[in-house]
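Participant: Pasting the sequence and the predicted coordinates here, then a few questions.
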Amino acid sequence: MRISQCREEDVETLDAHMPFRGATSHHGVRWARQREGRCTFLVAWSEERPVGSCEVRWEGCEAPEVRAVHPDCPEVNGLGVWPETLRSEGIGTALIKEAERLATGRGCRAIGLGVEKNNPRAHALYDRLGYRPSTPYLDCWSYEDGSGVTHRVADACVFMVKLF
Ligand SMILES: CC(C)(COP(=O)(O)OP(=O)(O)OC[C@H]1O[C@@H](n2cnc3c(N)ncnc32)[C@H](O)[C@@H]1OP(=O)(O)O)[C@@H](O)C(=O)NCCC(=O)NCCS
């Protein structure tokens, strides 16, 4: 398994292998943010197949509740491992470690991530990796389905922070 920054030509491969909700590829959106220098979009590969990804958002969490408390804290966003049969093999941990390595390389003093309140297994993983719960917030996002209808979602989350 290796981890690399997403390249433009990887977006189509990601769309083919990794599911996304709605009609718009969030991989393309993440890659475009990386091109603007706003994030680093990391992809984990097993041979030629993408098996996980996450985005390190250098501008931090979008939620105002979190920004008020952690204005300069980069965020690991959209962490996921596919297919499910490859979970619990260390891929998620490797992606987080690479995000931390990049953050310390930039001189960041902390890094954070949001976890849904109803995801105790992910919470337990982040806790084991040194992340501590800090700020409850609503993760508001939307997606457009195949018929062009926009669905708005608000997930109750807690922002967890690791200090370097
Ligand atoms: C959370 C996730 C990214 C972790 O990646 P991973 O490669 O499975 O993580 P690791 O192998 O490094 O660590 C395994 C730990 O992840 C946690 N975990 C959380 N959700 C899990 C899931 N659906 N399946 C397996 N492990 C999960 C557990 O604490 C697990 O430890 P355990 O095997 O002792 O139960 C991955 O499991 C996943 O994509 N889950 C579904 C989506 C999700 O919950 N994303 C997190 C949003 S905050």
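Facilitator: Great, that's in hand.

Participant: Please identify the helix or strand for the closest residue to the ligand within the chain.
Facilitator: Distances between the chain and the ligand by Cβ to the nearest ligand atom are smallest at Gly92, namely 2.1 Å. (Glycine included, C-beta is placed from N, CA and C.) For Gly92, the host element (DSSP states H and E) is helix 91-105.

Participant: Just the C-alphas of that helix, formatted as PDB.
Facilitator: Output of helix 91-105 as PDB, limited to C-alpha atoms (Å, rounded to 0.1, in the frame of the first residue of the first chain):
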ATOM      1  CA  ILE A  91      -5.100   2.000   5.800                       C
ATOM      2  CA  GLY A  92      -7.100   4.700   7.600                       C
ATOM      3  CA  THR A  93      -4.300   5.000  10.200                       C
ATOM      4  CA  ALA A  94      -1.700   5.400   7.400                       C
ATOM      5  CA  LEU A  95      -3.700   8.200   5.800                       C
ATOM      6  CA  ILE A  96      -4.100  10.000   9.100                       C
ATOM      7  CA  LYS A  97      -0.300   9.600   9.800                       C
ATOM      8  CA  GLU A  98       0.500  11.000   6.400                       C
ATOM      9  CA  ALA A  99      -1.800  14.000   7.000                       C
ATOM     10  CA  GLU A 100       0.000  14.600  10.400                       C
ATOM     11  CA  ARG A 101       3.400  14.400   8.700                       C
ATOM     12  CA  LEU A 102       2.400  17.000   6.100                       C
ATOM     13  CA  ALA A 103       1.000  19.200   8.900                       C
ATOM     14  CA  THR A 104       4.100  19.100  11.100                       C
ATOM     15  CA  GLY A 105       6.200  19.700   7.900                       C
END
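
Participant: Residues contacting that helix, please?
Facilitator: Residues from elsewhere that reach helix 91-105 (Cβ atoms under 8 Å, 6 or more residues apart in numbering): 1, 3, 40, 42, 44, 51-54, 56, 74, 76, 79, 81, 111, 113, 125-126, 129, 162, 164.

Participant: for that helix, which positions count as buried?
Facilitator: Residues of helix 91-105 classed as buried under the neighbour-count rule (16 or more other Cβ atoms under 10 Å) are Ile91, Gly92, Ala94, Leu95, Ile96, Glu98, Ala99, Glu100, Leu102, Ala103.

Participant: Distance-wise, check the last one relative to Tyr143.
Facilitator: What it means is Ala103. As defined by Cβ to Cβ, to the nearest Å, Ala103 lies at a distance of 28 Å from Tyr143.
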